[in-house]
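Engineer: turn this into a model:
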Amino acid sequence: PLEATSIALVQVTAARFIEFFNRGGHTDQYRGEYNRFINMRFDSVRDYITCHYHTNSRTDTDYWVDNRNNRNISAQLQATLRSWMSGQNITEELNRQSLANYFPDTSWNCLLAGSGTFPPPEQLRPGNEQEDTYEMEKIDKFIKSCALNFPSHQEQLASVR
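Structural biologist: Numbers count the residues shown, from 1 in each chain. This next block holds a predicted model:
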C-alpha cells in the first residue's frame, strides 16, 4: 500500500505540475497554488499513514507501542481523532480539512473501526432519520447479483488447472 501511494503521489505531482505550468508558467500565483495543492496531498497521506501506526494494537515490540503512544501528530490528525473519539460523524471534519478529497470518509471509518479504535460508549450519540441507513436485504441482493457476472469459486479454480 505504501508503494502504491508513493506511485500515485509521483503521478499526481507530475500531472499537476504540467497543468499548473501550462496555465501560468513560473509565475508566483501558479507556483503557490501548485505548492498548496501538493502540500495538502502529502499532508493528507502523512496523516492517513500516521493514523495506521497511531491506532495499532500490537504489543509485541517497543516499535508498535511507541508509535501508538506517540503524541507528536499533526493538528489535522488530532482534530480528526478528536471528532471520531467524541462520537461525531467524522465526515464533516474530513470535509472541513479537505481530507476526504484523498481518502474518503469510508476509508477513515474502516481504518479507525478496523483498528478497534472506538469512542467510549458515553460519547456515542443516537442516530437520526437524516443519516444514512442500510437495508441489508438490498445489499445482499446486490452482492448476489454482482456474483452472477463471474464464475463460481470452484469453476474458477478448475479453469486454472
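Engineer: what about the longest helix in this protein?
Structural biologist: The longest helix of the chain (DSSP state H) is helix 28-54.
Engineer: following element in sequence after that one, please.
Structural biologist: Under the assignment DSSP states H and E, the closest C-terminal helix or strand after helix 28-54 is helix 62-69.
Engineer: which elements pack onto the helix or strand following that following helix?
Structural biologist: Downstream of helix 62-69, the next assigned helix or strand under DSSP H and E is helix 75-85. Identification of packing neighbours for helix 75-85 by 3 or more C-beta pairs under 8 Å, 6 or more residues apart in numbering; DSSP states H and E yields helix 28-54, helix 91-96, helix 105-114. Bear in mind the C-beta positions are built from the backbone N, C-alpha and C, glycine included.
Engineer: buried sites along helix 75-85?
Structural biologist: Using 16 or more other C-beta atoms under 10 Å as the test for burial, helix 75-85 gives 76-77, 79-81, 83-84.
Engineer: looking at the residues you listed, which is nearest residue 43?
Structural biologist: Distance ranking of the buried residues of helix 75-85 against residue 43, using C-beta to C-beta, places residue 76 first at 6.8 Å.
Engineer: per-residue pLDDT, the closest one?
Structural biologist: The per-residue pLDDT reported for residue 76 equals 94.
Engineer: tell me who's in contact with it.
Structural biologist: The contact partners of residue 76, by C-beta atoms under 8 Å, 6 or more residues apart in numbering, come to 43, 47, 97, 99.
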